[in-house]
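Enquirer: Fold the following for me, if possible:
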Amino acid sequence: MFWFDPMYFVFVAPAFILALWAQYRVRSAYARAQQQPAPLTGAAAARHILDQAGLSDVAIEMIPGNLSDHYDPREKVLRLSQDVYENRSLAAVGIAAHESGHALQDAKHYAPLAVRNLAVSAAGFGSGLGILMLMFGAILAIKPLFFIGLVAFGAVVFFQLVNLPVEFDASNRAKRELVQLGIVPQAEMPYVNDVLNAAVWTYVAATLEAILILLYYVLMFAGRSRRD
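Expert: Reported below is the predicted structural model:
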């Protein structure tokens, strides 16, 4: 069966290894930072950052899940997992500050965030039906199917690429706000930096994976087309 093609695993192996390493870094950095006390809970830190930026209209909600934290730009709501919302640790305030960074981006009309938000729907289609069209188009060397899949999955690659500067910028904003507002002393910032820097590597791994998958099927299609 085509999904057991060893070349596929050769192509995605770098991204898979990077993802494993990134997840290990996230878990270890989070565990260390979770043991370090903070003066505020994650929710309180986020509220302070948002209020100081004039974003008192952005609500903060607690949601279930582990590290399910995110900012919803459509509803202007910051949603934090229970561990982050209630916890008084450097891990919690770091993650809450990162998500607050997305709200700050939204308020400042940060261009990459706007582009990423526009690409969400296309990326969702590309990661579902699009990858199947790309796969079968390449395997069967059916040009129309392949090129539709190529465009659809290309939206996933585009989303991942534009998402990288968004996540880097949100982390940089978080680090700056935590120090400037006196939430985290400069001497304790290495714990927060470790958590946020490790998290960014998970996005790098996801981007690399999307690129390598696309490249694999492009080369497969090109090879089968030449044989035909």
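
Enquirer: for this protein, what are the low-confidence residue spans?
Expert: For the chain, the stretches flagged by pLDDT under 70 are 1-4, 227-228.

Enquirer: could you point out which element follows the helix or strand hosting Tyr24?
Expert: Assessed by DSSP states H and E, Tyr24 sits inside helix 6-34. Later in the chain than helix 6-34, the nearest helix or strand by DSSP H and E is helix 42-52.

Enquirer: name the helices or strands packed onto that following helix?
Expert: Judged by 3 or more CB pairs under 8 Å, 6 or more residues apart in numbering; DSSP states H and E, the packing partners of helix 42-52 are strand 59-63, strand 77-81, helix 82-86, helix 90-107, helix 143-180. C-beta: built from backbone N, CA, C; applies to glycine.

Enquirer: I figured Asn163 hits Val204, correct?
Expert: No: using CB atoms under 8 Å, Asn163 makes no contact with Val204, being 10.1 Å away.

Enquirer: Let me see the residues that make contact with stretch 59-73.
Expert: Applying CB atoms under 8 Å, 6 or more residues apart in numbering, the external contacts of stretch 59-73 come out as 30, 43, 46-47, 50, 76-86, 95-96, 98-100, 102-103, 106, 113, 117.

Enquirer: For that stretch, buried residues please.
Expert: In terms of neighbour count (16 or more other CB atoms under 10 Å), stretch 59-73 has its buried residues at 60, 69, 71-73.

Enquirer: Repeat that for stretch 215-224.
Expert: Result for stretch 215-224 [16+ other CB under 10 Å]: buried residues 216-217, 220-221.

Enquirer: Then Gly65 would be within a helix, right?
Expert: No: per DSSP: H, G, I helix; E, B strand; the rest coil, Gly65 lies outside any helix segment and is coil.

Enquirer: May I see the buried residues of stretch 135-148?
Expert: Across stretch 135-148, burial judged by 16+ other CB under 10 Å covers 135, 137-139, 141-142, 145-146, 148.

Enquirer: Stretch 51-58 too?
Expert: Buried residues in stretch 51-58 (16+ other CB under 10 Å): 53, 55, 58.

Enquirer: who touches Pro185 in this structure?
Expert: Here Pro185 is in contact with Val179 (criterion: CB under 8 Å, 6+ apart).

Enquirer: typed the wrong thing, it's Tyr217
Expert: 134-135, 137-138, 146, 149-150, 153.

Enquirer: Rebuild those as CSV, extending it with distance to Pro6.
Expert: Below are those laid out as CSV (distance: CB to CB, whole Å):
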residue, distance to Pro6
Leu134, 19
Met135, 16
Gly137, 21
Ala138, 16
Phe146, 22
Gly149, 22
Leu150, 23
Phe153, 22
